[in-house]
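Peer 1: My questions concern the predicted model and sequence given below.
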Amino acid sequence: MTPMTRLLAFALLTAPLGACDDGGNDDGGADGSGGSSGVATTASSSGGASSASASGSGTPQTSTSDSTSSTGDSDVTTAGADTTGDASTGETSAEGSSGGASTGSSTGQSSLPIDCDDGDLPVRVEGGGSYSEVSAGVAATPPGGTVYICPGEYTEDATMEIDFPISVVGAGPNLVHIETSASFMSGQSDGAGFNAVNSGFTLEGFTLEGGRYGVSVFLYQGPGHEVVIRDVTFRGSDDAGVYISGGANPPDDASATFEGMIVEDVQGAVDAAVAIRDISSTFVDSIIRDNVTEHGGLYVQDAPVVFEGGQVIRNTATETNGGGAYIQSGFPYPEFVITGSDWGEGAANENAPNDFDCGNSTDVGWLGAPANATCATNDGDCCTPD
């Protein structure tokens with residue numbers, strides 16, 4: 001058996017943690033661009049190169065982003081993904097610790113429960129079936145099944161539809177790069193990389209770049225559905241990396257959990273980098289950074305949110321309301337609880353114009369780092385420190 005394959009890692013640029021900011025205007029901005037890719041390529045862990053086509057066409061290109069750096073400037077430990085950044089070298093490692101397959105590491109080691117070096121096609125449906133394209137593997141996965149994605153670069157030109165609960169598991173966000181060209185103009189389910197209607201699912205262990213949305217989810221009838229997005233990076237979407245909505249009558253027990261997720265470099269015309277409507281959501285060690293959209297990093301409407309660890313930094317709202325997060329809800333507001341998070345400390349990392357906005361110019365939360373607060377409390381203050 002040959003050594004396990006790997007790709008060059010995308011290293012994370014994170015901001016140093018500091019003391020809480022008591023107030024004042026934020027100066028925030030965003031920059032960054034994601035490169036595109038054509039054919040699937042892999043590099044062996046011993047330094048030799050090999051390749052396996054994912055789409056059969058295209059020309060490989062180097063992917064770059066102003067929001068990432070190989071040198072790093074802070075030590076950050078992310079519990080959900082067991083990710084540790086070193087200030088002097090920028091080296092990171094990540095090992096999935098949740099159910100199913102763990103998601104590999106930036107050192108190029110994949111721990112998928114399949115042999116990616118057996119000469120078969122790189123996208124494998126559990127129980128049988130192998131494909132060169134992620135979309136083909138997703139379409140072939142039965143309800144309750146799992147599709148595994150070996151290390152490589154993949155291109156998709158249409159939305160990948162999820163019609164019933166399945167799991168899409170990649171070898172790791174530093175090892176699997178999917179670029180989508182799906183767009184609203186192409187008529188591909190509003191231009192999402194992944195689209196799900198009235199179905200829960202799990203996405204894990206890959207980077208998805210491009211698309212109008214990275215993933216769009218609509219849960220408005222039937223029994224409740226659980227959405228889990230774990231160790232996935234969404235980069236460079238046109239409107240939002242994650243869009244999830246429950247409509248007027250969402251299932252009571254529908255929920256979304258984001259663990260170790262990164263949403264970055266979204267240059268959006270509407271909503272925010274992560275937009276949530278009517279669905280209870282929990283963020284664990286997730287990062288929302290360097291996005292420029294109508295309301296900045298997060299837009300939340302009528303949905304309770306828990307945000308534990310992670311970062312919301314350097315997001316910019318092009319409208320008056322927003323920055324780090326913007327709440328637009330009818331009374332009473334569902335609470336937005338923040339625990340041990342970094343919401344930008346110092347001018348270089350602040351969200352603009354505000355860290356947290358409850359929709360009233362007098363109700364603005366300045367959170368800084370570390371941030372521990374309960375927001376949208378309806379007690380006259382936007383955020384109450386815990």
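Peer 2: Ah, there it is. Numbers count the residues shown, from 1 in each chain.
Peer 1: going forward, measure contacts between C-alpha atoms and count neighbours the same way
Peer 2: Fine.
Peer 1: Buried residues, the helix or strand that Gly241 is a member of. List them.
Peer 2: Following DSSP states H and E, one finds Gly241 within strand 240-245. Residues of strand 240-245 classed as buried under the neighbour-count rule (16 or more other Cα atoms under 10 Å) are 240-245.
Peer 1: again, but for stretch 325-338
Peer 2: 325-329, 333-338.
Peer 1: In CSV, list those along with secondary structure and pLDDT.
Peer 2: Shown next, in CSV, are the buried residues of stretch 325-338 (DSSP: H, G, I helix; E, B strand; the rest coil; pLDDT from 0 to 100):
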residue, secondary structure, pLDDT
Ala325, strand, 94
Tyr326, strand, 92
Ile327, strand, 90
Gln328, coil, 84
Ser329, coil, 73
Tyr333, coil, 74
Pro334, coil, 85
Glu335, coil, 90
Phe336, strand, 94
Val337, strand, 96
Ile338, strand, 96
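Peer 1: pLDDT on the helix or strand that contains Val215, on average?
Peer 2: According to DSSP H and E, Val215 maps onto strand 213-218. What strand 213-218 shows for mean pLDDT is 94.
Peer 1: so what secondary structure elements neighbour it?
Peer 2: Contacts defined by 3 or more Cα pairs under 8 Å, 6 or more residues apart in numbering; DSSP states H and E place strand 213-218 against strand 192-197, strand 240-245.
Peer 1: helix or strand right after the first one?
Peer 2: Heading C-terminal from strand 192-197, the first helix or strand you meet, by DSSP H and E, is strand 201-210.
Peer 1: buried residues in stretch 311-330?
Peer 2: By 16+ other Cα under 10 Å, the buried positions in stretch 311-330 come out as 311-318, 321-329.
Peer 1: can you check stretch 215-224 too?
Peer 2: Of all the residues in stretch 215-224, those buried under the rule 16+ other Cα under 10 Å are 215-221, 224.
Peer 1: Quick one: end-to-end distance for that stretch.
Peer 2: 19 Å (Cα to Cα, to the nearest Å).
Peer 1: repeat for stretch 119-135
Peer 2: OK, stretch 119-135 end separation, Cα to Cα: 20 Å.
Peer 1: Now do the contacts for Ser199.
Peer 2: Ser199 is in contact with 162-165, 219, 225-226, counting by Cα atoms under 8 Å, 6 or more residues apart in numbering.
Peer 1: Could I get the contacting residues of the closest residue in space to it that isn't next to it in sequence?
Peer 2: Distances taken as Cα to Cα, 6 or more residues apart in numbering put Phe164 closest to Ser199, at 5.1 Å, once the chain neighbours are dropped. Listed by Cα under 8 Å, 6+ apart, the contact partners of Phe164 are 143-144, 198-201.
Peer 1: Just the buried ones from those, in PyMOL syntax?
Peer 2: Only the buried entries of the contacts of Phe164 go into this PyMOL selection, using 16+ other Cα under 10 Å:
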select buried, resi 198+199+200+201
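Peer 1: In this structure, where is pLDDT below threshold?
Peer 2: 1-110, 183-190, 330-332, 360-363, 378-380 (pLDDT under 70).
Peer 1: one more time with 50
Peer 2: Residues of the chain meeting the criterion pLDDT under 50: 1-107, 186-188.
Peer 1: mind listing the helices in it by residue range?
Peer 2: For the chain, the helices defined by DSSP state H occupy 134-140.
Peer 1: Phe164 versus Pro143, what's the distance?
Peer 2: In terms of Cα to Cα, Pro143 sits 6 Å off from Phe164.
Peer 1: Oh, that last question was meant for Ile279, not what I typed.
Peer 2: 18 Å.
Peer 1: Just the endpoints, please. Distance across stretch 271-286?
Peer 2: This stretch, stretch 271-286, spans 19 Å end to end (Cα to Cα).
Peer 1: That stretch: which residues count as buried?
Peer 2: Using 16+ other Cα under 10 Å as the test for burial, stretch 271-286 gives 271-286.
Peer 1: From what I see, Met261 and Gly241 are in contact.
Peer 2: No - counting by Cα atoms under 8 Å, Met261 sits too far from Gly241 to count as a contact (10.5 Å).
Peer 1: Any chance you could list residues touching both of those two?
Peer 2: With Cα under 8 Å, 6+ apart, Met261 and Gly241 have common neighbours Phe234.
Peer 1: Including distance to Leu121, could the contacts of Phe164 go into TSV?
Peer 2: Output for these, formatted as TSV (distance: Cα to Cα, whole Å):
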residue	distance to Leu121
Pro143	22
Gly144	22
Asn198	31
Ser199	28
Gly200	27
Phe201	24
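Peer 1: biggest separation within the contacts of Phe164, which pair?
Peer 2: For the contacts of Phe164, with distances taken as Cα to Cα, the pair at the greatest spread is Gly144 and Asn198 (14.6 Å).
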